[in-house]
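Peer 1: Below are the sequence and a predicted model; questions follow.
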Amino acid sequence: MPDTLLISTEALQGLLDALIAKGYQPVGPRLERGAIVYETLSAASDLPRGYLDEQGGGHYRLSKADPSSPETAGIFRYAVGPQSWKGFLFPSRQSLWRARRTETGFAFEPETDDAPAYAFLGARPCELAAMRIQDRVFQEGPYVDRGYAERRARAFVVAVNCTRAGGTCFCASMGTGPRAEDGFDLCLTELLDADDHAFLVEIGSASGRALMELVRHRTATPEEIERGRRAITDAAEQMGRRMPPDAAAILASNPEHPRWDQVAQRCLSCANCTLVCPTCFCSRVEDTTSLDGVEAARHRQWDSCFTLDFSYIHGGPVRRETAARYRHWITHKLSTWHAQFGTSGCTGCGRCITWCPVGIDITEEVAAIQATERAEPLGDE
Amino acid sequence: MTQAAPGLAWNPMIADAMLPARYRVDAIRRELTGVFTLALVPVDGGDALTFAPGQYNMLYQFGVGEVPISLSGDPACPRPLVHTIRAVGTVTNALQHLASGHMVGLRGPFGTHWPAEAAQGADLVIMAGGIGLAPLRPLIYQVLANRKRYGAVCIFYGARTPDEILYRDELEQWRSRFDLTVEVTVDRAGPDWLGRVGVVTRLLAAKGFSPPDTIACLCGPEIMMRYAVLALRDQGVGPERIYVSLERNMQCGLGFCGHCQFGASFVCRDGPVFRFDGIAKRFDIREI
């Protein structure tokens, strides 16, 4: 079997059937509540068809493509929505253990993880990058999050290259897209024009190859491969934003920059950016008891560095000012993340820009500091 | 992806690291108003927990929650495990009401430790403010057990009032030794206090140590440590010879929850004890 195949649009159902036959639970984009979200797929017809997105700072709208345009048949012509695959690999709320009172005190009961083996259908290149970043956080440090590692190891990834950039995308400047280089089992590129609609399929792993044995396909021609390449290049050229390449150094050098107070006048400290971010990993531990006090439980749930409670120690929070909290978030994401995990924490997906209620733009904030920086670097780092 | 995750074979697992072990209160001692010491012994057997001075455990009170508490006992005698706690929040207030025989959960030990080995051969300044003496007491025990390996040893302690002097009996014992310099000061006192009044950093003027050969270990409010670092620098103790213990919101102890970040460091894992030259610039940034 060659490394690049071609399947028809109808064969997407065959792909889903094959995934289900192999024991995976397919999850992919669906149209829900006016947005593209990731939920269980039972049939290829669940995939949104003919939808385009319009994204900008604090702005997200879906629209139907013009019925006379080839776009009306398109399945992956929108960019990422508010959710990411993070919610499947690192659930927003997890039980860690339970405890029960006994005559002599209490006893712990470890929690078991019963998540299915997911097949992620439609993971974009920036989202593959996000998974690799969270791999470093959760399974390549001194401790391993076993739940994450097990869900990750079991998952099957069908990536989709981007052939149309979203309005807030800047993955090309982060080196994470719009083409997926690796980190998938299979990778689709949608070929869409007036008289033809099909998908290139690149094989990324042995299990991807085995799956394609079950799906009707043929070898892709060089012309088809070239059409796919051009469509991805188009997406790269559509991106209107870019992250300055030395963002890490710019932020490390400017902890006292006046821009922090300016952005704080706009920032609502609402935490949206951290919740839509596919790499933000902060969590809080919550201990609870039953009403009768007999049973206790511990949960871990997503938290955000934008809340006052986040840095609370007796005497008060460490980061009282919104300026300090915004500075912490963006400096962590783009700068100290490198020291902690050997990579940027940003993939260029643009979600934090789109879903910020006041449209604060991470690329604009870095550029503004760069334009007026004057401080000395933190030499002790 | 189907291959095994890297590191899966050897790294400790968070699911296990987040599950406390059961300990029983062997004794509870009231130290000061709102300050108490728990001595804990394991319920379920297993190897004795060993720790290094400066490390901490996460203590769990059934149904209430978990808090990071420094070990404050002798590292040479880790059974029972000794923790001195100030009741300042929900969990520590609940822990205050424990009695001998009650059960708690315990995870640890976590974090970095004081440079007890690296300081051998050097003079040692141990400076604490308030409850900050608790994380330094294991270091004092370890140094006293190996007293000949160190040069001059100075313990400088500051409390708010004479009634808030922690481990007062021990401070008096230590003060009576000829091989220790022990100075205590309070912020304010009544007429019956015949000791020093003033900030703890002034005690550095007592000398008794040779600055270029000194290792300093500081634990107390950040404002105290800030001035102590300046005073030590003025005396000639460089930032690479100063160690501080920081406090941040810590919920996991593993570097996962993110709450304790201080610049690029996870205080729970990369601290709480830091060599000062590594964090000097960060230390001056407000609300970092």
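Peer 2: Ah, there it is.
Peer 1: Give the burial count for residue 230, as a bare number.
Peer 2: Answering for chain A, as no chain was given. Neighbours of residue A:230 under the rule other C-beta atoms under 10 Å in any protein chain shown: 10. Backbone N, C-alpha and C define where each C-beta goes, glycine included.
Peer 1: Chain B was what I was after
Peer 2: Using other C-beta under 10 Å, residue B:230 has 11 other residues around it.
Peer 1: any idea of the pLDDT on the residue nearest to it when sequence neighbours are not counted?
Peer 2: The shortest distance from residue B:230 to any non-neighbouring residue, by C-beta to C-beta, 6 or more residues apart in numbering or on different chains, is to residue B:201 (7.9 Å). Listed pLDDT for residue B:201 reads 95.
Peer 1: ok, residue B:201 - contacts?
Peer 2: Contacts for residue B:201 were tallied using C-beta atoms under 8 Å, 6 or more residues apart in numbering or on different chains; they are B:127, B:224, B:227-228, B:230-231.
Peer 1: Bridged to the residue of the stretch 51-200 of chain B found nearest chain A, which residues?
Peer 2: Closest approach between the stretch 51-200 of chain B and chain A, counting by C-beta to the nearest C-beta: residue B:103, at 2.9 Å. Applying DSSP bridges to residue B:103 gives these bridge partners: residue B:24.
Peer 1: With residue A:35 instead?
Peer 2: Beta-bridge partners, per DSSP bridges, of residue A:35: residue A:32.
Peer 1: show me what contacts residue A:260?
Peer 2: Residue A:260 neighbours (C-beta under 8 Å, 6+ apart): A:323-324, A:326-327.
Peer 1: Could you pull out the buried residues of the strand or helix carrying it?
Peer 2: Taking DSSP states H and E as the criterion, residue A:260 maps to helix A:259-266. Within helix A:259-266, the residues scored as buried using 16 or more other C-beta atoms under 10 Å in any protein chain shown are A:259-260, A:263-264.
Peer 1: For those residues, could you give me a markdown table that also reports pLDDT?
Peer 2: As requested, the buried residues of helix A:259-266 are exported to a markdown table (pLDDT from 0 to 100):
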| residue | pLDDT |
| --- | --- |
| A:259 | 97 |
| A:260 | 97 |
| A:263 | 98 |
| A:264 | 98 |
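Peer 1: Tell me the secondary structure at residue 223.
Peer 2: I went with chain A, as the question did not name one. helix (DSSP: H, G, I helix; E, B strand; the rest coil).
Peer 1: Can you look at chain B instead?
Peer 2: Assignment for residue B:223 (three-state DSSP): helix.
Peer 1: Could you check the pLDDT of it?
Peer 2: Note for residue B:223: predicted pLDDT of 94.
Peer 1: Look up how far residue B:213 lies from it.
Peer 2: Per C-beta to C-beta, to the nearest Å, residue B:223 is found 28 Å from residue B:213.
Peer 1: out of the two, which sits in the busier spot?
Peer 2: The neighbour comparison of residue B:223 against residue B:213 (other C-beta under 10 Å) goes to residue B:213, with 15 against 10.
Peer 1: Spit out the contact partners of that one.
Peer 2: Neighbours of residue B:213 in contact, by C-beta under 8 Å, 6+ apart: B:122-123, B:151.
Peer 1: try residue A:194
Peer 2: Contact partners of residue A:194, counting by C-beta under 8 Å, 6+ apart, are residue A:70.
Peer 1: now swap in the one 5 residues further on and tell me
Peer 2: Contacts for residue A:199 were tallied using C-beta under 8 Å, 6+ apart; they are A:6-9, A:11-12, A:188-191.
Peer 1: interface residues of the stretch 101-250 of chain A facing chain B?
Peer 2: A:101, A:104-108, A:110-111, A:135, A:137-147, A:149, A:152-153, A:155-157, A:183, A:185, A:205-207 (C-beta under 8 Å from any C-beta of the partner chain).
Peer 1: Please flag which of these sit within helices.
Peer 2: A:135, A:137-139, A:146-147, A:149, A:152-153, A:206-207 (DSSP state H).
Peer 1: what about residue B:124, distance to residue A:43?
Peer 2: 72 Å.
Peer 1: Looking at the two, which has the bigger crowd around it?
Peer 2: Just comparing residue B:124 and residue A:43: by other C-beta under 10 Å the higher neighbour count belongs to residue B:124, 25 against 11.
Peer 1: Now that one. Its backbone dihedrals?
Peer 2: When read as degrees, to the nearest 10, the backbone of residue B:124 gives phi -130, psi 120.
Peer 1: mind giving me the domain split of chain B?
Peer 2: B:14-110, B:123-245 (automatic domain parsing).
Peer 1: Please list the residues of the stretch 151-288 of chain B that sit near chain A.
Peer 2: Residues of the stretch 151-288 of chain B lying close to chain A (C-beta under 8 Å from any C-beta) are B:247-249, B:251-252, B:254-259, B:261, B:263-264, B:266, B:269, B:277-282, B:285-288.
Peer 1: redo that, cut-off 7 Å
Peer 2: Residues of the stretch 151-288 of chain B found near chain A (C-beta under 7 Å from any C-beta of the partner chain) are B:247-249, B:251-252, B:254-259, B:261, B:263-264, B:277-282, B:285, B:287-288.
Peer 1: anything in stretch A:72-88 sitting right up against chain B?
Peer 2: No. Among the residues of stretch A:72-88, none lie within reach of chain B under C-beta under 7 Å from any C-beta; the closest is 12.6 Å away.
Peer 1: tell me the mean pLDDT over that stretch?
Peer 2: Average pLDDT, stretch A:72-88: 97.
Peer 1: Give the buried residues for that stretch.
Peer 2: For stretch A:72-88, burial by neighbour count (16+ other C-beta under 10 Å) applies to A:72-86, A:88.
Peer 1: Let me know the closest of these to chain B.
Peer 2: Chain B lies nearest to residue A:85 out of these, by C-beta to the nearest C-beta, at 12.6 Å.
Peer 1: which residues sit in contact with the closest one?
Peer 2: Taking C-beta atoms under 7 Å, 6 or more residues apart in numbering or on different chains, we find residue A:85 in contact with A:38, A:120, A:123, A:127, A:131.
Peer 1: Show me which of those residues is closest to chain B.
Peer 2: Nearest to chain B among the contacts of residue A:85: residue A:131, at 8.9 Å, using C-beta to the nearest C-beta.
Peer 1: distance of that closest one from residue A:347?
Peer 2: On the measure of C-beta to C-beta, residue A:131 and residue A:347 end up 10 Å apart.
Peer 1: Please say which of those two ends up with more neighbours.
Peer 2: Higher neighbour count among residue A:131 and residue A:347: residue A:347, with 29 against 23, using other C-beta under 10 Å.
Peer 1: Assign that one to one of the three secondary structure states.
Peer 2: Relying on three-state DSSP, one would call residue A:347 coil.
Peer 1: ok, now the one 5 residues further on?
Peer 2: Assigned with three-state DSSP, residue A:352 falls in the helix class.
Peer 1: ok, it - how many residues close by?
Peer 2: Residue A:352 has 24 neighbouring residues, counting by other C-beta under 10 Å.
Peer 1: For residue 35, list the residues it contacts.
Peer 2: Going with chain A. A:60, A:62, A:81-82 are the contacts of residue A:35 under C-beta under 7 Å, 6+ apart.
Peer 1: Let me rephrase: I mean chain B.
Peer 2: By C-beta under 7 Å, 6+ apart, the residues touching residue B:35 are B:84, B:86, B:131, B:166.
Peer 1: Could you list the low-confidence segments of chain A?
Peer 2: For chain A, the stretches flagged by pLDDT under 70 are A:374-381.
Peer 1: Could you list the domains of it?
Peer 2: In terms of domains, chain A is parsed into A:4-238, A:247-372 (source: automatic domain parsing).
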